[in-house]
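Enquirer: Generate coordinates for the sequence data below:
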Amino acid sequence: MRFAGAVLGVADTTLTNARRTRHGSSVTPIQTADEDERELVHTIARLHARALALVGGLLGGTGVFVMTVWLLVKGGRSVGAHLQLLGQYFYGYSVTWGGSIVGFFYGAATGAAVGWSIGAVYNIVVGLRE
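Expert: This is a model prediction of the structure:
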């Protein structure tokens, strides 16, 4: 806990029992170590579900797009037989140049839903721990 406090600028209560205020050099008492730890855990523990949705969407969409384009550039007799199965779930998707765009949007929507769900469930679990 001492390392995390040093990184985040939290005063170490084992070394000093005071911190400077913003507006002057007067010294004020600080919280106990348990209160500091509880505040630190509360601050760090929350995730932004929207940010996770954005990142998940970008990764999912870009992933499907890049995989499709990679197979198209690579070429061959049977292009993307396994990836073609995504068309069973993503209506309109196929291993074609147009399908790569459709796949990007489907991948982005799926990744965003998964990212948001992970963030929301994580925050619920953290809320139960408090």
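Enquirer: Run a quick neighbour tally on Ser100.
Expert: Using other CB atoms under 10 Å, Ser100 is surrounded by 21 other residues. C-beta here means a position set from N, CA and C on the backbone, and glycine is covered the same way.
Enquirer: Contact partners for it?
Expert: Shown in contact with Ser100 (CB atoms under 8 Å, 6 or more residues apart in numbering): 64-65, 68-69, 72.
Enquirer: Go through those residues and give me the one with the most neighbours.
Expert: Highest count within the contacts of Ser100 by other CB under 10 Å belongs to Thr68, 28 neighbours.
Enquirer: Give the closest residue to that residue in space, chain neighbours not counted.
Expert: Nearest-residue entry for Thr68: Ser100, 4.0 Å, with adjacent residues in sequence omitted and distances by CB to CB, 6 or more residues apart in numbering.
Enquirer: tell me which element the one you found falls in.
Expert: Here Ser100 is covered by helix 97-129, with elements defined by DSSP states H and E.
Enquirer: Flag every buried residue along that helix.
Expert: Counting neighbours by 16 or more other CB atoms under 10 Å, one finds that the buried residues in helix 97-129 are 99-100, 102-108, 110-112, 114-116, 119.
Enquirer: of all the residues you listed, which comes closest to Arg46?
Expert: The shortest approach to Arg46 among the buried residues of helix 97-129 belongs to Gly119, at 9.1 Å (CB to CB).
Enquirer: separation between that closest one and Ala112?
Expert: When CB to CB, to the nearest Å is the yardstick, Gly119 and Ala112 sit 11 Å from each other.
Enquirer: got it, and Val69?
Expert: The spacing between Val69 and Ala112, counted by CB to CB, is 21 Å.
Enquirer: Spatially nearest residue to Leu83, not counting backbone neighbours?
Expert: Of all residues not flanking Leu83 in the chain, Val95 sits nearest, at 5.5 Å (CB to CB, 6+ apart).
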